[in-house]
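Visitor: The sequence and its predicted three-dimensional model are supplied below.
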Amino acid sequence: VRDQLSATFVLFGTTKKEEGREKIRRININMEQSKLVLESSPQTFLKLTHQPNEILRNPTFNKGTAFSTSERDSLKLRGLLPAQVQTLDAQVNSSLYHLRSFTTPIQKYLYLASLRQRNETLFFRLLMENLEETMPIVYTPTVGEVCQLFDKNWRVAEGMYFTKEDRGRFRSILDNWIHPKVDIIVVTDGSRILGLGDLGANGMGIPIGKLSLYVAAAGFHPARTLPITLDFGTNNKNYLSDPHYMGMKHTRLADDEYNPLVDEFLAAVTDKWPNVLVQFEDFSNEHAFGLLSRHRHNFFCFNDDIQGTGAVITAGIINAVRISNSTLADQKMLFFGAGSAGVGVADAIVDAMVAESNGKISKEEGRKRFWFIDSKGLVTSDRGDKLDAHKIPYARTDNQSKQCKNIEECIDFIQPTALIGLAGVSGGEFTPQIVAKISSYNKRPIIFALSNPTNKSECTAEVAYKNSNGAAIFASGSPFEEVELNGKRYVPSQGNNMYVFPGIGFGAVVGECNRVTDGMLLATARSLADSVTKEELEQGRLYPSLKRIREVSAGIAVAVIEQGVKDGVSKMGNKSREELQKMVKDAQYKAEYVSLTSKF
């Protein structure tokens, strides 16, 4: 119930598709003696009771100036809108005009957020048709600044928040959510937002932005997505003393309080929505690995920072190896950053390496091709400190007592073929000297500067190309402009998780899976790598154009379903690839207006 809108929404769920019959969505809106009926083909049935003109304040149904003359009469909207009746395409053009009139990314984000909050169909059509332009606004890199200023720019309630004060009531609180059916949840505790650290409840900008991409890039219905923040405190002293901060003003909970609350959350959402997929996002290293390892075999969940990053970077490495005419087993990879993302990437590449070798290389042998640098230097077993559990499998025992303290020493000692940055520290760590040094050991050095946002990136595309004389095979976490060097144009690749998490989630849900397996993640990496065309590879691209993201996500979804069936975690029976492709395409949300007519 939305009291402020005098409206009640009830989602009836999904109809089972019967051969020869269309799925019909009907919305009954009782206005005095009249009844409004929406007839179309999407999968959901909705019922809405409201006062006259409240539909204009409902982002799911609002069409703004696109309401037809007859609709304005039927819905008692006559006189409440400008006279001009616009098409959806005309609205998109007008919205793009306004979007481009703003000069800063945060201004553009706030405009798009306002559009989403009043007209979801227009918002998602604009995103889907202009994803290369809008993705950096609704997600990385702009979302970092959005989170830092979230409490200052808060306008409309979105998503759900849970605190320690809700202990024992998580399940009943979920009943307050406006839509009874949810397919996917993105949840954060705000403890490690991008490379910005602990942002507490302000981290809600991440689940909101991520779910926009689940809709635009894969095809989830926006009414079936739910952003959630577990507000279990913050250790950010600035927020604790800020009168404008809207989150809980206490330090973060200790594990003996924290872990039972996460357990209660997962049990509650699974009881409410038995088939919902939960994606963990931006949890600190101290909890990310533990939560994933403890829950992934008992709940339908995955961690995009660990598993999604692993899949997307593995795909990039597969194509980098193709460009350099070598194999995964030939690589020696030096990671700058030994957190959840870095180790997740290494684990994924090891799985790909083992699979490529057809059993000739074990996981233990694969790990010997990886070296990690953390805040104390090269990660070794004899360094003299207690290593975090996730680092131990990659701790070097063959360092001959040598303890390298910085990147340059490590490069000279290891002579790596690839330098991967995922530290999220201060940015610029891959200096011109570092790039030149790794280039001195390799004809085609692989350099991935993956930390977000842009100011945390280990180097720019220009630094990588210029100081390798154009030889570097480069990818970054944030977007960079093309580089002109010696009369040649270099197109940098962005190894953004957006290439994989929409397809992983959509495939897992459409494929009626109950777990996300390692095999599904490896299938994702291979599908993404194979989606890059020959022409794109010749340009030095490691990832496909974002213009094809829905096609790419659909391909990943099919690969995920196929592997889910093989792994025994999907209820889907054996189907041909053509059948799965059609099923995925039919399930995708399409941002289109439907005709609203009044029946008495």
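Guide: In hand now; what should we look at?
Visitor: what sits against Val138?
Guide: Listed by CB atoms under 8 Å, 6 or more residues apart in numbering, the contact set of Val138 reads Tyr109, Leu112, Leu127, Gly209, Ser212, Leu213. For every residue, glycine as well, the C-beta is placed using N, CA and C.
Visitor: Would you reformat those residues as a markdown table and include secondary structure and pLDDT?
Guide: A markdown table is the format used below for the contacts of Val138 (DSSP: H, G, I helix; E, B strand; the rest coil; pLDDT from 0 to 100):
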| residue | secondary structure | pLDDT |
| --- | --- | --- |
| Tyr109 | helix | 97 |
| Leu112 | helix | 98 |
| Leu127 | helix | 97 |
| Gly209 | helix | 96 |
| Ser212 | helix | 97 |
| Leu213 | helix | 97 |
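Visitor: Of the residues you listed, which is the nearest to Thr229?
Guide: The closest of the contacts of Val138 to Thr229 turns out to be Gly209 (CB to CB; 12.8 Å).
Visitor: Isn't the closest one up against Pro136?
Guide: No. Contact between Gly209 and Pro136 fails when scored by CB atoms under 8 Å: they sit 10.8 Å apart.
Visitor: now do the same end-to-end measure for stretch 540-552.
Guide: Start and end residues of stretch 540-552 are separated by 18 Å (CA to CA, to the nearest Å).
Visitor: Could you report the distance from Thr142 to Thr103?
Guide: 13 Å (CB to CB, to the nearest Å).
Visitor: residue ranges with poor pLDDT in this protein?
Guide: 1-52, 597-600 (pLDDT under 70).
Visitor: Please list all residues in contact with the most centrally placed residue in it.
Guide: Central residue of the chain (CA atoms, centre = their mean): Lys210, 4.6 Å from the mean position. Neighbour list for Lys210: Tyr139, Val186, Pro227, Gln279, Glu281, Asp304, Phe501 [criterion: CB under 8 Å, 6+ apart].
Visitor: okay, Thr142 and Thr103: which has more neighbours?
Guide: Set Thr142 next to Thr103 and count neighbours by other CB atoms under 10 Å: Thr142 wins out with 23 against 7.
Visitor: you'd agree the more buried one is up against Tyr109?
Guide: Yes. With contacts counted by CB under 8 Å, Thr142 reaches Tyr109, the gap being 5.2 Å.
Visitor: Can you show me the strands along the stretch 201-350 of the chain?
Guide: For the stretch 201-350 of the chain, the strands defined by DSSP state E, counting those that start in this stretch occupy 225-230, 277-280, 301-303, 333-336.
Visitor: Residues touching the third one, excluding its own?
Guide: What that stands for is strand 301-303. For strand 301-303, the external contacting residues (CB under 8 Å, 6+ apart) are 266, 277-281, 283, 288, 291-292, 295-296, 308, 340, 344, 504, 516, 521.
Visitor: If we use 10 Å, what do you get?
Guide: Here strand 301-303 makes contact (CB atoms under 10 Å, 6 or more residues apart in numbering) with 185, 187, 266, 269-270, 276-283, 288-289, 291-293, 295-296, 307-311, 340-341, 344, 501, 504-505, 508, 515-517, 520-521.
Visitor: Which members of those residues occur in helices, if any?
Guide: 266, 269-270, 288-289, 291-293, 295, 309-311, 340-341, 344, 501, 504-505, 508, 520-521 (DSSP state H).
Visitor: which of these are buried?
Guide: 266, 269-270, 288-289, 291-292, 295, 309-311, 340-341, 344, 501, 504-505, 508, 520-521 (16 or more other CB atoms under 10 Å).
Visitor: so Lys272 makes contact with Asp175?
Guide: Yes. With contacts counted by CB atoms under 10 Å, Lys272 reaches Asp175, the gap being 7.5 Å.
Visitor: of the two, who's got more company?
Guide: Shown here are Lys272 and Asp175; by other CB under 10 Å, Lys272 has more neighbours (17 against 8).
Visitor: got the contact list for the more buried one?
Guide: With CB under 10 Å, 6+ apart, Lys272 has these contacts: Phe170, Arg171, Ser172, Ile173, Leu174, Asp175, Trp177, Pro180, Val182.
Visitor: let's see 8 Å
Guide: Contact analysis of Lys272 by CB under 8 Å, 6+ apart lists Arg171, Leu174, Asp175, Val182.
Visitor: swap in Leu99?
Guide: Contact analysis of Leu99 by CB under 8 Å, 6+ apart lists Lys108, Tyr111, Leu112, Leu126, Thr134.
Visitor: what would those look like in JSON lines with distance to Asp255 and secondary structure?
Guide: Listed next are the contacts of Leu99 as JSON lines, based on distance: CB to CB, whole Å; DSSP: H, G, I helix; E, B strand; the rest coil:
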{"residue": "Lys108", "distance to Asp255": "40", "secondary structure": "helix"}
{"residue": "Tyr111", "distance to Asp255": "41", "secondary structure": "helix"}
{"residue": "Leu112", "distance to Asp255": "38", "secondary structure": "helix"}
{"residue": "Leu126", "distance to Asp255": "43", "secondary structure": "helix"}
{"residue": "Thr134", "distance to Asp255": "39", "secondary structure": "helix"}
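Visitor: now, the most widely separated pair of those?
Guide: Maximum pairwise distance in the contacts of Leu99, criterion CB to CB, is 11.6 Å, between Lys108 and Leu126.
Visitor: which one of the two has more residues nearby?
Guide: Neighbours per residue, other CB under 10 Å: of Lys108 and Leu126, the larger number sits with Leu126, 25 against 21.
Visitor: OK, contacts around that one?
Guide: Taking CB under 8 Å, 6+ apart as the test, what Leu126 contacts is Val92, Ser95, Leu96, Leu99, Leu112, Leu115, Thr134.
Visitor: before we move on, what about Thr460?
Guide: Thr460 sits next to Ala449, Ser476, Phe480 when contact means CB under 8 Å, 6+ apart.
Visitor: Look at the closest residue to Ser68 other than its chain neighbours and give its secondary structure.
Guide: Excluding the flanking residues, the one nearest Ser68 by CB to CB, 6 or more residues apart in numbering is Val85, at 6.0 Å. Following DSSP: H, G, I helix; E, B strand; the rest coil, we place Val85 in the coil state.
Visitor: Start at 15, not 1
Guide: Got it, the first residue is 15 from now on, which makes the last one we talked about Val99.
Visitor: Kindly provide the distance from Val99 to Ala80.
Guide: According to CB to CB, Val99 and Ala80 sit 7 Å apart.
Visitor: Between those two, which is the more surrounded one?
Guide: Ala80 (19 against 15).
Visitor: In this structure that one contacts Val608, no?
Guide: No. Applying CB under 8 Å as the test, Ala80 and Val608 come out as separate, 10.9 Å apart.
Visitor: Spatially, which two of the contacts of Lys286 are the most separated?
Guide: Put simply, by CB to CB the two of the contacts of Lys286 set farthest apart are Arg185 and Val196, 13.8 Å from each other.
Visitor: Among these two, which residue is more densely surrounded?
Guide: Val196 (19 against 15).
Visitor: who's in contact with that one?
Guide: With contact set as CB under 8 Å, 6+ apart, Val196 has these partners: Arg238, Thr239, Leu240, Val283, Lys286, Trp287, Val290.
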